[in-house]
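> Just need the structure, nothing else, for what follows:
(2 chains)
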2 protein chains.
Amino acid sequence: MSRETKSEAGRRGFLRKGAGLGSAMLGAALGTNARAEPLQVAPWSKTPGEPALWHPYGQPSIFEKDVVRRSRGAAAMPGANSSMTPLQNLYGIITPSGLVFERHHAGIPQIDPQQHRLAVHGLVARPTIFTMDDLVRLPSVSRIHFLECSGNTGREWKGPGTASLQLSHGLLSCCEWTGVPLATVLEEVGIQPEGAWILAEGADSAAMSRSIPLSKALDDALLVYAQNGERLRPEHGYPLRLFLPGFEGNMSVKWLRRLKIGSAPFMTREETSKYTDSLPDGTARQFTFLMETKSVITFPAPDFRLKEKGFYEISGLAWTGRGRIKRVDVSIDGGRSWSVAQLQEPVLDRALTRFCLPWHWDGAATVLQSRAIDETGFVQPQARQLVDARGFESNYHFNAIQSWKVATDGVVTNVQV
Amino acid sequence: MSRETKSEAGRRGFLRKGAGLGSAMLGAALGTNARAEPLQVAPWSKTPGEPALWHPYGQPSIFEKDVVRRSRGAAAMPGANSSMTPLQNLYGIITPSGLVFERHHAGIPQIDPQQHRLAVHGLVARPTIFTMDDLVRLPSVSRIHFLECSGNTGREWKGPGTASLQLSHGLLSCCEWTGVPLATVLEEVGIQPEGAWILAEGADSAAMSRSIPLSKALDDALLVYAQNGERLRPEHGYPLRLFLPGFEGNMSVKWLRRLKIGSAPFMTREETSKYTDSLPDGTARQFTFLMETKSVITFPAPDFRLKEKGFYEISGLAWTGRGRIKRVDVSIDGGRSWSVAQLQEPVLDRALTRFCLPWHWDGAATVLQSRAIDETGFVQPQARQLVDARGFESNYHFNAIQSWKVATDGVVTNVQV
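As a prediction, the model looks like this:
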């Protein structure tokens, strides 16, 4: 019996026998046992439907038209904006590419892949300009990894900042990424002994630029050209982006056009004016690359209202830039007690991990929380711990436990406890 | 050092040192060492691009407009048709939902999920009608599995049948599927002791119907409502489909409206007029549910022409309805000798598995083949073995080794050797 099958049996057992709820629990969840409606033959069953290739490239159902990326509003500068993934509407761990969040510093360039070039120069033996054909011809790897903006949940530093999961946690997605290990290309151009950092520059009109430690570039960085099986979408870096597993999203520079090897960080605009973490004493943490251990309950969440008491499956996502998620605890009483959630297989290195826990809601007001622990032993902190350590001045790297309050009327709201 | 990292190092080592090719190999593959062009500032780098939310639901680049599903032509009956996945353009193991193949018996019904119902009746204690809300509220699982039409590569029974990988092998896709274990629902309705088979019926106007063994239904069948993170697409069964991991695709009945439990197979039109395997003696194999071990090289394939000799990475897909792929062998000399390909992690139960092998093409004509072996020891057969056993009369379950001939001019064609 496989691990998945065992866990299913466990959950079915819970439905029938668990927690003293008795065998009526599933019936109560379904609300169907007393349903007397006959099965109708629907109008769409009476006439042939649209043919195959109605859409040579398929689209979602018109009934799913509200499942889209959303934004918190206009940005200060043209093209500098973001959009959020509707995590409340998603299942499993893969984010469909059409719903992967966006963060642009100067909008989305429309790049002709035949004209695009990647220059690798600086402290190298053989400065080289690569075409896309050059890169795609090289040995590639595909990996499922999360991507999170360091500003995700940034509105939560000063207390509950947003009234929806999409707007609080939606700068987060997970895809299968395919590309060439950056190490392959660096080995070919030949890094000089004093080379220690790499400037990565995008072809957008902001020339979005970050400094990448050479150690990361040689370890697991990818030059990515495909996402979820197909070539990158324009808003995610088409035709080429850097991808740094586990690091803050903006470092995975999109529309990548240039890699310059140097001996020190380049102190670009985007790593001085932004992407540092202000501390209470007026100083700043710089080069906080790693995305720390984090989790959030995606159902129930403020985007839903529970219509009745009874059975629900609490579901959520956990992730860590340090490797694999080891355990997720869920509290249904505001943190007084915790239960170990079930992790959905496969649990992958620096990928979103889906967790779930069966729950019988008795109709009383309560607070739901999740707490992730990764394979290094790192435990997702409470908001209070995080603010005690870092104050209120940062916009980035807020990874605290998220609390959702369920009121007696089933309304779910964002709270901090 | 992880398994992936080791393998990358191995492939880089091959590039530099392997097979007596010397360190000039990657340079030769790139064709760039002598390239003297300066890095230009492209027009799209000079002005801000389109804002975030240009597409609230994102779309591929206009430069990828030819990466679409394609069909072999019109079908005999309205709405009875198929379209194929462009495997030659895909990477990794996930098929984006917009490119997942189609096979319809009466077109694509446009179903309102609020109006859709699933009836479960027959030899049960408690006949029940479920709404979508009922089903989505139940405990769910997500799994990455391939889906293959039993007619995939059916044109190859009588020799090389098609001139493109998309048209020969494109009735094949792999997604993350989310749904409720069918066992959960069957446990709730209570199967009577004589129940042994289930009729699954779709809400399309063909009322597409198949008989499912109860053992499979209780083992790992899913009532699926989401695919690659979002709700099913209309052409893939929105809002609800059956999913039977490892079984022929048509049994995973789309637009599922009815499950009737009986004591014997129902002998529906779609399992008598179709989906049986004609044998040379005039009899037929019936209920050949399992999709056997199979593989295909996706690059190089007839959809590409090799422009020059030198380094290439042979890449392909392997899969088996019996569990996990254990090994894939690749021949670059028409089956005289075989090398063990590298398998891309993760290797999942009844999912596509990506394999690759570095290759130096010396410019001579040759034949490329791949041969998959699964964890049960099943070895993908040669076409000759398959035809010897089953004759030429079947349209289904052709899983032979595929041969691609590379001519001296780099043109790749479909051959049988």
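> Show me how far stretch A:287-295 is from its chain's centre.
12 Å (CA atoms, centre = their mean, to the nearest Å).
> any weak-confidence spans in chain A?
A:1-37, A:74, A:76 (pLDDT under 70).
> Recalculate using a threshold of 50.
A:1-25, A:27-28, A:31-34 (pLDDT under 50).
> So which residues of it form helices?
A:3-17, A:24-30, A:132-136, A:165-169, A:182-189, A:214-219, A:383-390 (DSSP state H).
> Could you check how many residues crowd around residue A:266?
17 (other CB atoms under 10 Å in any protein chain shown). (Glycine included, C-beta is placed from N, CA and C.)
> Surely it and residue A:201 touch.
No - assessed by CB atoms under 8 Å, residue A:266 is found out of contact with residue A:201, at 9.4 Å.
> Which residues are in contact with each of these two?
With contacts taken as CB atoms under 8 Å, 6 or more residues apart in numbering or on different chains, residue A:266 and residue A:201 have A:209, A:260 as neighbours in common.
> Tell me which residues touch the nearest residue to residue A:411 once chain neighbours are set aside, please.
Computed as CB to CB, 6 or more residues apart in numbering or on different chains, the closest residue to residue A:411 that is not its neighbour in sequence is residue A:305, at 5.4 Å. For residue A:305, the contacting residues are A:409-412, by CB under 8 Å, 6+ apart.
> Right, and chain B sits closest to which residue of the stretch 301-417 of chain A?
Nearest to chain B in the stretch 301-417 of chain A, going by CB to the nearest CB, is residue A:313, at a distance of 4.8 Å.
> what's across from that residue in the sheet?
Beta-bridge partners for residue A:313, by DSSP bridges, are residue A:358.
> List the contacts of it.
A:299, A:356-359, B:137-140.
> Can you give me the domain boundaries for chain A?
The record's domain parsing of chain A by automatic domain parsing lists A:97-285, A:294-415.
> can you put these in CSV and add distance to residue B:155?
Below are those laid out as CSV (distance: least, CB to CB, whole Å):
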stretch, distance to residue B:155
domain A:97-285, 24
domain A:294-415, 35
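> Tell me which of those sits nearest to residue B:43.
domain A:97-285 (9.0 Å; CB to CB).
> Highest neighbour count among the contacts of residue A:305?
The most crowded member of the contacts of residue A:305, judged by other CB under 10 Å, is residue A:412 (21 neighbours).
> gap between residue A:363 and residue A:132?
As for residue A:363, its distance to residue A:132 is 58 Å (criterion: CB to CB, to the nearest Å).
> and those two? which has more neighbours close in?
Using other CB under 10 Å, the more surrounded residue of residue A:363 and residue A:132 is residue A:132, with 19 against 13.
> can you pull up the bridge partners for the closest residue to residue A:189 other than its chain neighbours?
In space, residue A:189 comes closest to residue A:124 once its chain neighbours are excluded; the distance is 4.3 Å by CB to CB, 6+ apart. Bridge pairing for residue A:124 (DSSP bridges) gives the partners residue A:191.
> Now for residue A:124: which residues touch it?
Contacts for residue A:124 (CB under 8 Å, 6+ apart) come out as A:189-192, A:195, A:261.
> redo that, cut-off 10 Å
Contacts for residue A:124 were tallied using CB atoms under 10 Å, 6 or more residues apart in numbering or on different chains; they are A:186, A:188-192, A:195, A:259-261.
> Repeat that for residue A:235.
Neighbour list for residue A:235: A:69, A:83, A:97-98, A:100-104, A:107-109, A:254, B:49-55, B:58-59, B:61 [criterion: CB under 10 Å, 6+ apart].
> if I look at it, how far off is residue A:354?
Distance, residue A:235 to residue A:354, by CB to CB: 25 Å.
> just residue A:398 next, same as before
For residue A:398, the distance to residue A:354 - CB to CB - is 22 Å.
> What of residue A:151?
Counting by CB to CB, the gap from residue A:151 to residue A:354 is 24 Å.
> what's the answer for residue A:377, then?
In this view, residue A:377 and residue A:354 are 22 Å apart by CB to CB.
> So these two - more neighbours on which side?
Neighbours per residue, other CB under 10 Å: of residue A:377 and residue A:354, the larger number sits with residue A:354, 28 against 9.
> ok, for the more buried one, nearest residue in space, not its chain neighbours?
Nearest to residue A:354 is residue A:344, by CB to CB, 6+ apart, at 3.9 Å.
> quick one, phi psi at that neighbour?
Main-chain torsions, residue A:344, degrees, to the nearest 10: phi -80, psi 130.
> Can you report how many residues lie near it?
For residue A:344, using other CB under 10 Å, the count is 22.
> Kindly report the same for residue A:413.
Neighbour count of residue A:413, defined by other CB under 10 Å: 14.
> I figured it hits residue A:302, correct?
Yes - taking contacts as CB atoms under 10 Å, residue A:413 lies within contact range of residue A:302: 5.7 Å.
> who touches both of those two?
With CB under 10 Å, 6+ apart as the test, residue A:413 and residue A:302 both reach A:160, A:163, A:404-405.
> quick one: which of those has the most company?
Within the shared contacts of residue A:413 and residue A:302, residue A:404 tops the neighbour count with 25 neighbours, counted by other CB under 10 Å.
> which residues touch the closest residue to it other than its chain neighbours?
Computed as CB to CB, 6+ apart, the closest residue to residue A:404 that is not its neighbour in sequence is residue A:368, at 4.8 Å. Applying CB under 10 Å, 6+ apart, we find residue A:368 in contact with A:297, A:299-301, A:314, A:316, A:330-335, A:357, A:359, A:361, A:402-406, A:412.
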